[in-house]
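Chemist: Quick check, what structure comes out for this input:
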Amino acid sequence: MAKGNFGTVERLPSGRWRAKYTHRGRRCSAPTTFLTAAEAGIWLSGEQTRIVEGKWKSPEHLAAEQRRRTSKVSFSSYSSTWLDKRRTRRGDLSPRTRDEYRRLLDHHILPRFGAMPISAITADDVYSWYNALDSKTPTQQAHAYSLLATIMASAVADGLLAATPCVIPGAGSVTHADHVVIPARPHELSAIVEALPERLRMMALLACWTALRFGELTELRRGDIDLSGEVIRVRRGVVRTREEGFVVKATKSNAGLRDVALPPHVIEPLREHLRKHVGAAPTALLFPAHHGGHLAPSTWSRHWHRAREAAGRSDLHLHDLRHTGLTMLAHAGATVRELMDVAGHSSPAAALRYQHVADGRKHELAARLSKLADGP
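Modeler: Next up, the predicted model:
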């Protein structure tokens, strides 16, 4: 707690700051908490100035004024302002996340709450809305509730609400069933590659043998390929958003900034791909669309679905080729650190999945021990 000549500022368990002072024998607190101690101090200075100038109003009077103001603020208006603020804060929300928030608002939240004053939304309103969401899509249901709860928490912090109406325990989380990926076998990968258009075959090969993500693959450029050093330099990715179209951005995390070694058997096919399908400029995309820009996910999906059907693997996604490559790397003896470096993971948790798969070798190793026990 910090004391000044006028009032005190104290830090709350939440990390925010509360300001309070005594005037005319009564304890007065700010109607909201503050992000920093400096902001709380500025509020105290303003209160002191109003007292000196004879413009001071009691907390009850100010609360009544606040209620009159907030009763006119619709949820639609506040949520739009909330989202715009996060658009202008550098690095707050990624373009894809903003796009997803906009979709959830437009399709699932605003139809119910958009026209309502935000201060009029009750816990019963939220319960009835949540129960009306499609329970067959639990992830979307949880994400919509979580977004509503986040916006309402911001409204509380901004002094528009006394408390959030989002009080349903566990509604913002969902338990995912484990997605069991059956890695592609070599002959299945070959069949998939053969069924793809020639200009896209190398994309499937790199997805497997270098474990790159879709957004990393579709942003690869000639200058990122070092055939003499036998590496791909992963520096950027691209996402497609509804509002901004294709957005090139830095890798998913600092760990995503990496050099991935090319297996020797991929080098000559990659050299041929560069010769036949990639422009001469260092900025030329490795897998451009026909118009020369970034390849759209829908375009890739159209070709991919036909190719995986031809290979008899209708269950396989492009991301599963990344899983295939990392699993084979684990079988080859890669450590967790090495798997993290190739995959661009920030923590070992994801990389450990591939080592667990590789643990299937334990029966093979046990059999080898038995052979040793038998002697020469």
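Chemist: Find me the pLDDT at Leu93, would you?
Modeler: Each residue has a pLDDT score; the one for Leu93 is 74.
Chemist: Correction: the previous question concerned Ala171.
Modeler: For Ala171, pLDDT reads 89.
Chemist: host element of the residue nearest to it when sequence neighbours are not counted?
Modeler: Leaving aside its sequence neighbours, Ala171 sits nearest to Tyr145 (C-beta to C-beta, 6 or more residues apart in numbering; 4.5 Å). Where C-beta positions appear, they are placed from N, C-alpha and C, glycine not excepted. With secondary structure defined by DSSP states H and E, Tyr145 is part of helix 138-157.
Chemist: circling back to that earlier point, how many residues are close by the residue nearest to Ala171?
Modeler: 24 (other C-beta atoms under 10 Å).
Chemist: Now do the same contact list for it.
Modeler: Tyr130, Leu133, Cys166, Ile168, Ala171, Gly172 (C-beta atoms under 8 Å, 6 or more residues apart in numbering).
Chemist: Drop anything exposed from these.
Modeler: Using 16 or more other C-beta atoms under 10 Å as the burial test, the contacts of Tyr145 include Tyr130, Leu133, Cys166, Ala171, Gly172 as buried.
Chemist: Could you identify the most distant pair in those?
Modeler: Leu133 and Cys166 (13.4 Å; C-beta to C-beta).
Chemist: Sketch out the low-pLDDT regions of the stretch 251-376 of the chain for me.
Modeler: Residue ranges of the stretch 251-376 of the chain with pLDDT under 70: 252-255, 346-376.
Chemist: what about the spatially most central residue of the chain, which helix or strand?
Modeler: The chain has Thr97 as the residue nearest its centroid, 6.2 Å off, counting by C-alpha atoms, centre = their mean. Here Thr97, judged by DSSP H and E, is contained in helix 95-104.
Chemist: Show me what that helix is in contact with.
Modeler: 83, 86-87, 93, 140, 143-144, 147, 239, 241-244, 247, 249.
Chemist: 7 Å instead, please
Modeler: Residues outside helix 95-104 that contact it (C-beta atoms under 7 Å, 6 or more residues apart in numbering): Leu83, Arg86, Arg87, His143, Ala144, Leu147, Val239, Thr241, Arg242, Glu243, Glu244, Val247.
Chemist: same deal with stretch 251-266?
Modeler: Residues contacting stretch 251-266 (C-beta under 7 Å, 6+ apart): 205, 209-210, 230-237, 270, 340-342, 344-346.
Chemist: Of those residues, which belong to strands?
Modeler: Taking DSSP state E, the ones among the contacts of stretch 251-266 that sit in strands are Val231, Ile232, Arg233, Val234, Arg236, Gly237.
Chemist: Closest to Arg275 out of these?
Modeler: Ile232 (16.9 Å).
Chemist: So the residue lying closest to that closest one once chain neighbours are set aside: helix, strand or coil?
Modeler: What sits nearest to Ile232 in space, not counting adjacent residues and going by C-beta to C-beta, 6+ apart, is Val260, at 4.9 Å. Classification of Val260 using DSSP: H, G, I helix; E, B strand; the rest coil returns strand.
Chemist: ok, now how distant is Val260 from Ser298?
Modeler: 27 Å (C-beta to C-beta, to the nearest Å).
Chemist: So if I had to pick from those two, which one is more boxed in?
Modeler: Val260 (20 against 8).
Chemist: and the gap between that one and Phe287?
Modeler: Val260 is 16 Å from Phe287, by C-beta to C-beta.
Chemist: cool, Arg24 as well?
Modeler: Using C-beta to C-beta, Arg24 is found at 72 Å from Phe287.
Chemist: more crowded one of the two?
Modeler: Remark: of Arg24 and Phe287, Phe287 carries more neighbours, 19 against 8, as counted by other C-beta under 10 Å.
Chemist: Show me what the one helix or strand Gln48 maps to is in contact with.
Modeler: Following DSSP H and E, one finds Gln48 within helix 37-52. Contact with helix 37-52 is made by 2, 4, 6-7, 9, 17-19, 21, 23, 30, 34, 56, as judged by C-beta under 7 Å, 6+ apart.
Chemist: The same query, at a cut-off of 10 Å, please.
Modeler: Applying C-beta atoms under 10 Å, 6 or more residues apart in numbering, the contact partners of helix 37-52 are 2, 4-11, 16-21, 23-24, 28, 30-34, 36, 55-57.
Chemist: which parts of it are buried?
Modeler: Buried, per 16+ other C-beta under 10 Å, within helix 37-52: Ala40, Gly41, Trp43, Leu44, Glu47, Gln48.
Chemist: Same check on stretch 269-280?
Modeler: If you call a residue buried by 16+ other C-beta under 10 Å, then stretch 269-280 has these buried ones: Leu270, His273, Leu274, His277, Val278.
Chemist: Contacts only, for Ala311.
Modeler: Ala311 is in contact with Ala184, Arg185, His187, Glu188, Leu189, Ser190, Ala191, Ile192, Val193, Glu194, Ala195, counting by C-beta under 10 Å, 6+ apart.
Chemist: Inside helices: which ones of these?
Modeler: Applying DSSP state H to the contacts of Ala311, the entries found in helices are His187, Glu188, Leu189, Ser190, Ala191, Ile192, Val193, Glu194, Ala195.
Chemist: mind listing what the first one touches?
Modeler: Remark: with contacts taken as C-beta under 10 Å, 6+ apart, His187 is in contact with Ala311, Gly312.
Chemist: Which pLDDT value belongs to it?
Modeler: 93.
Chemist: mind checking how far it is from Leu160?
Modeler: Distance of His187 to Leu160, given as C-beta to C-beta: 61 Å.
Chemist: would you list every one of the strands in the stretch 1-150 of the chain?
Modeler: Taking DSSP state E, counting those that start in this stretch as the criterion, the stretch 1-150 of the chain contains strands spanning 2-3, 8-11, 17-23, 26-29.
Chemist: Near Asp315, how many other residues are there?
Modeler: Using other C-beta under 10 Å, Asp315 is surrounded by 10 other residues.
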